[in-house]
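Engineer: okay, here's the prediction I keep looking at, along with the sequence it came from:
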Amino acid sequence: MWGFGGGGVGSTVAGSSMTGMANVISAKGDYNLSTSAAAVNMTQAQKQEIQNRQQYTNTYFDMRATNKAARAAESGPRPTMEQLARIAHEAAPKPLAPNEVNEVTGKLKWPEALQLEMFSENRAKLEELFGSYSELGSLNYADQSKARKILNDMNQQLKSQIRMIPTPDYVSCKNFLQSLMFTTTKSRLSQMGPRPAAKPV
């Protein structure tokens, strides 16, 4: 019998129980559906991320290959060992040439620009040291250290006049000092500027 006031699902204990079970099943189905949709969306997002990364990686390496090819085309063929040896030989410092020193007296033939008054003091010191070199064929360690310092000082003086001395004369003076350095000390002119004076403590 139906209860007072009309009947329907849930009007009895059994009906209410069935309604509750149906609601639970429906809710579980909705949850599973939502979870499945979320999983699909996540998978699509991950797939898209992987594709983006792959595209980025391919683009990166394509650009590297293009740049490498461009640099290789601009630089031309690599020099041979023979060419490298010739370049190294040409770049190596050379001793004084016969026209730069009197082989009999050992007197140096200074380039015209290095005969300026500003170089006179260092010229005199070097001529004294070179006189010993011409007589003995070498300088001892102490004299080599003196010659090295004087020549580097003269090189710095020369650099300070770079705007005043014509380029060909400047190059000639630079090469002369380099050759004089190599002849007397078997070393190169320093590429560093003068050291700053020490600050008082």
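Structural biologist: Perfect, thanks for sending it. Residues are numbered from 1 along each chain as shown.

Engineer: low-confidence ranges, this structure, go.
Structural biologist: Flagging of the chain using pLDDT under 70 yields the residue ranges 1-43, 45-48, 50-63, 66, 69-77, 79, 83-92, 192-201.

Engineer: domain ranges for it?
Structural biologist: Taking automatic domain parsing as the reference, the chain has its domains at 14-78, 98-185.

Engineer: so what does Leu108 look like in phi/psi?
Structural biologist: phi -80, psi 140 (degrees, to the nearest 10).

Engineer: oops, could you answer that again for Gly137 instead?
Structural biologist: Backbone geometry at Gly137, expressed as degrees, to the nearest 10, gives phi 90, psi 0.

Engineer: please report how far Ala124 lies from Asp153.
Structural biologist: Distance of Ala124 to Asp153, given as C-beta to C-beta, to the nearest Å: 13 Å. Where C-beta positions appear, they are placed from N, C-alpha and C, glycine not excepted.

Engineer: for the two, indicate the residue with more neighbours.
Structural biologist: Ranked by neighbour count (other C-beta atoms under 10 Å), Ala124 and Asp153 place Asp153 first, with 16 against 10.

Engineer: what residues does the helix or strand hosting the more buried one touch?
Structural biologist: Assessed by DSSP states H and E, Asp153 sits inside helix 141-160. Contacting residues not belonging to helix 141-160 are listed as 113-114, 118-119, 122, 125-126, 129-130, 132-133, 139, 165, 170, 173-174, 177, 180-181, 184-185, 187, 189-190, 193-194 [C-beta atoms under 8 Å, 6 or more residues apart in numbering].

Engineer: show me these that map onto helices.
Structural biologist: In this view, the contacts of helix 141-160 that belong to helices under DSSP state H are 122, 125-126, 129-130, 132-133, 170, 173-174, 177, 180-181, 184-185.

Engineer: most neighbours among the residues you listed, please name it.
Structural biologist: The residue in the ones in helices among the contacts of helix 141-160 with the most neighbours, by other C-beta under 10 Å, is Leu180 (27 neighbours).

Engineer: so that residue sits against Trp110, correct?
Structural biologist: No - the pair Leu180 and Trp110 fails to qualify as a contact (C-beta atoms under 8 Å) at a distance of 9.5 Å.

Engineer: thinking again about what came up before, mind listing what's buried in the helix holding Asp153?
Structural biologist: Burial within helix 141-160, assessed by neighbour count using 16 or more other C-beta atoms under 10 Å, is assigned to 143-144, 146-148, 150-155, 157-158.

Engineer: okay, those in TSV with distance to Glu100 next?
Structural biologist: TSV is the format used below for these (distance: C-beta to C-beta, whole Å):
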residue	distance to Glu100
Asp143	20
Gln144	19
Lys146	20
Ala147	16
Arg148	19
Ile150	17
Leu151	14
Asn152	19
Asp153	20
Met154	15
Asn155	16
Gln157	19
Leu158	16
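
Engineer: widest-spaced pair of these?
Structural biologist: Maximum pairwise distance in the buried residues of helix 141-160, criterion C-beta to C-beta, is 22.1 Å, between Asp143 and Leu158.
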